[in-house]
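Student: Quick check, what structure comes out for this input:
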Amino acid sequence: TDKKREFPMQVKETAKEGLKREYHVVVPANDLDAKTNARLQEVGQKAKIDGFRPGKIPANILKQRYGKSVLGEVLEQAVQDASQKVISEKDLRPALRPDIKITSYDEGKDLEFDMKIEIFPEMPEVDLSKIEVTKPVFDVAESDVKEGLERIAEQHKAHKPKADSAKAANGDVVRIDFKGMLDGVAFEG
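Tutor: Residues are numbered from 1 along each chain as shown. Predicted structure coming up:
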């Protein structure tokens, strides 16, 4: 964009408590108008309206037909750009997505919104050469290892189907299919 047409936004820090920051941001109406008009011109290059050639549609007709959708798009982009600019200029490292609440906007007026953000704490430089690590070592008896492996094997053993006439024994997996009756009438479940 042309530097002459840029209008600076206003940013005011409203709260700074621990890792939480709050800002009040004002995006000037002139900036929104310039972006809306530029976007309408882009739309006008491709729009098809009966009686007009693409690229030759008057601005007032484009605004009447596409103004609200373009304005919504421009406002959304303006909030996103402004919040990213605040994060960048303040050198913030957000831990979560900023919570943004539009506080004031009317067509032709400034866009104002509040942005709440939680940031990562500053990490001090750590000299790794000064850190000592103690590696705990546990002595495990061979019998404990064997018992643990047998328990795991028992939990994961494969089951083979038995003949229909075979009786169930301890350790078998059984599937029981039955019909429940109450006073001679079958019930669900």
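
Student: so Val25 sits in a helix?
Tutor: No. Val25 is assigned strand when assessed by DSSP: H, G, I helix; E, B strand; the rest coil, not a helix.

Student: That one against Met115, yeah?
Tutor: Yes. Counting by C-beta atoms under 8 Å, Val25 does reach Met115; the two are 6.1 Å apart. All C-beta spots, glycine's among them, are computed from the backbone N, C-alpha and C.

Student: Spit out the residues that contact the two alike.
Tutor: 83, 86 (C-beta atoms under 8 Å, 6 or more residues apart in numbering).

Student: for the helix or strand containing Phe113, packing partners?
Tutor: According to DSSP states H and E, Phe113 maps onto strand 111-118. Applying 3 or more C-beta pairs under 8 Å, 6 or more residues apart in numbering; DSSP states H and E, we find strand 111-118 packed against strand 20-27, helix 59-89, strand 99-104.

Student: what distance separates that strand from the centre of its chain?
Tutor: Computed by C-alpha atoms, centre = their mean, to the nearest Å, the chain-centroid distance of strand 111-118 equals 17 Å.

Student: Not counting its own residues, what contacts it?
Tutor: If you take C-beta under 8 Å, 6+ apart as the criterion, strand 111-118 is touched by 14, 19-27, 29, 32, 75, 78-79, 82-83, 86-87, 92, 94-96, 98-105.
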